[in-house]
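[1] Fold the stuff below for me.
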Amino acid sequence: MIELLLRFWKYDSWATAQLFEKLRMLSTDELNLPCSGNGTILETTSHLVNVQLSWFSSFDGSMTAEQAMTWQPDPETSASIPKLEAHWREIEAQTWRYLDQLSPEMLGNQMTRTFRSGRTVTFALSDLLLHIANHQTWTRGQIAAAIRLAGHEPGSFDYLRYLMNQQLEATPV
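    So this is what the prediction gives:
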């Protein structure tokens, strides 16, 4: 299970880096265009980045579960794509520090969360890691659709594209 989770999180890192490459090409006006679910393209990108921060901060203990579920991002780190990308790179380092020390025993750890709706539920860490990776894929898809509506080619963040890219990088020239 750990191998599968790590493979999917490597894909997530690759896909988000690809997304930032496309986002850097958008104008300020385009970044302020609507994006389904979380406001503008810029706001949805902030959501993508900061969801990862809040979850992994609760996993590594730098935030309590309660703090992570109610935490609001610093508007300064979400003010532009360069700032968001720099912030994401810090979060990626934090994410990988945590993922690199995962053990099979940890995956079964039960984590209780109270959501903003007031509902309290308990999940295995393995399920939360899958949920977050899936959420990231969903949110990148929302952003890609908005980039396309802005008149740009968003690129492909598909898992198979990632695997093909990995094979190309591994093939000797």
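
[2] just wondering, since we're on Gln72, how far is it from Arg140?
    Taking Cβ to Cβ, to the nearest Å as the measure, Gln72 falls 22 Å from Arg140. Heads up, the C-betas are built off the backbone N, CA and C, glycines and all.

[3] Neighbour count: the two, which is higher?
    Arg140 (20 against 7; other Cβ atoms under 10 Å).

[4] Please, which helix or strand holds Phe123?
    Here Phe123, judged by DSSP states H and E, is contained in strand 120-124.

[5] State the three-state secondary structure for Met111.
    Look at Met111: counting by DSSP: H, G, I helix; E, B strand; the rest coil, its state is strand.

[6] which residue sits closest to the residue nearest the centre of the chain, ignoring its sequence neighbours?
    By Cα atoms, centre = their mean, the mean C-alpha position of the chain lies nearest to Gln136, the distance being 4.3 Å. In space, and not counting its chain neighbours, Gln136 is closest to Asp12: 5.3 Å by Cβ to Cβ, 6 or more residues apart in numbering.

[7] Low-confidence bits of the protein, can you list those?
    173 (pLDDT under 70).

[8] For Thr114, give me phi and psi.
    phi -110, psi 120 (degrees, to the nearest 10).

[9] Tell me who's in contact with it.
    By Cβ atoms under 8 Å, 6 or more residues apart in numbering, the contact set of Thr114 is 65-66, 69, 120.

[10] which outside residues touch the helix or strand encompassing the residue nearest to the centre of the chain?
    If you go by DSSP H and E, Gln136 is part of helix 125-149. The contact list for helix 125-149, computed with Cβ under 8 Å, 6+ apart, reads 1, 5, 8-9, 12, 15-16, 19, 22-23, 26, 33-38, 41, 44-45, 47-48, 51-52, 55, 59, 106-111, 123, 153-155, 157.

[11] Perfect, I'm done here.
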